[in-house]
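Novice: Got a sequence here, can you build the structure:
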Amino acid sequence: MPLAYSIPVLSSVTFEVTHREDIDTNNPISPVDISWQTSCEEGSTVSARCTVTPTQEGNYTIEVIAMDDDGATTTQEITVEVTNIAPSGLEAEIWLSSTRLTADSRGVYTINEGDLIEIRGSAEDSPNDIDNLVHLWSPDAEDHPEI
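Specialist: Numbering: from 1, shown residues only. Just a heads-up that it's a prediction; the model follows:
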């Protein structure tokens, strides 16, 4: 069953308690303390609001505890689905020995036959995907016979 809420991994999400009331108190302004059971980006876990940035895909569950002036507590959990993101910041480099080569205006690199080159690729992704990130290289010389 899909969850009601979903966010992309590495995106911030803010949880907020919008209504709190102590029904067994004689003091209408009696405090109800809110405590989040995780580290909040706001710097405090005792607040009506908590922002987090999930770093892994899957279900992310946050728990909040409300405590009234008598020490009575109630706990609530909410779960959001954290979805995958595509890799970003893709970069490719061509190296000849210790020199990084630069493409010409057509995007073509010039080397001599027999030169040993190194092709380096990099990209960014979520922490639990980065170790499994695969770079696929395919030459396209057959598409450019004029080169």
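Novice: Enumerate the positions of the helix or strand in which residue 65 is found that are buried.
Specialist: Per DSSP states H and E: residue 65 is located in strand 58-67. Across strand 58-67, burial judged by 16 or more other C-beta atoms under 10 Å covers 60, 62, 64, 66-67. The way it works is simple: take the backbone N, C-alpha and C, and place the C-beta from them, glycine included.
Novice: Need the contact partners of that strand.
Specialist: 3, 15, 17, 20, 32-38, 50, 52, 54, 73-82 (C-beta atoms under 8 Å, 6 or more residues apart in numbering).
Novice: Walking through the protein, point out its helices one by one.
Specialist: With DSSP state H as the criterion, the chain has helices at 127-130.
Novice: domains of it?
Specialist: Using automatic domain parsing, the domains assigned to the chain come out as 6-83, 88-143.
Novice: Kindly present these as CSV, with separate columns for mean pLDDT.
Specialist: CSV is the format used below for the domains of the chain (pLDDT from 0 to 100):
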stretch, mean pLDDT
domain 6-83, 89
domain 88-143, 89
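Novice: Tell me which of those is the most buried.
Specialist: domain 6-83 (a mean of 14; mean count of other C-beta atoms under 10 Å).
Novice: ends of it, how far apart?
Specialist: 7 Å (C-alpha to C-alpha, to the nearest Å).
Novice: roughly how far is it from the heart of the chain?
Specialist: Distance, stretch centre to chain centre, for domain 6-83: 20 Å (C-alpha atoms, centre = their mean, to the nearest Å).
Novice: Pretty sure residue 133 sits against residue 87.
Specialist: Yes. In this structure, residue 133 is within contact of residue 87 by C-beta atoms under 8 Å, at 6.1 Å.
Novice: Find residues that contact each of the two.
Specialist: 123, 125.
Novice: how close does residue 134 get to residue 121?
Specialist: 10 Å (C-beta to C-beta, to the nearest Å).
Novice: next one: residue 34
Specialist: For residue 34, the distance to residue 121 - C-beta to C-beta - is 46 Å.
Novice: surely residue 137 meets residue 120?
Specialist: No. Taking C-beta under 8 Å as the definition, residue 137 is not a contact partner of residue 120, at 10.8 Å.
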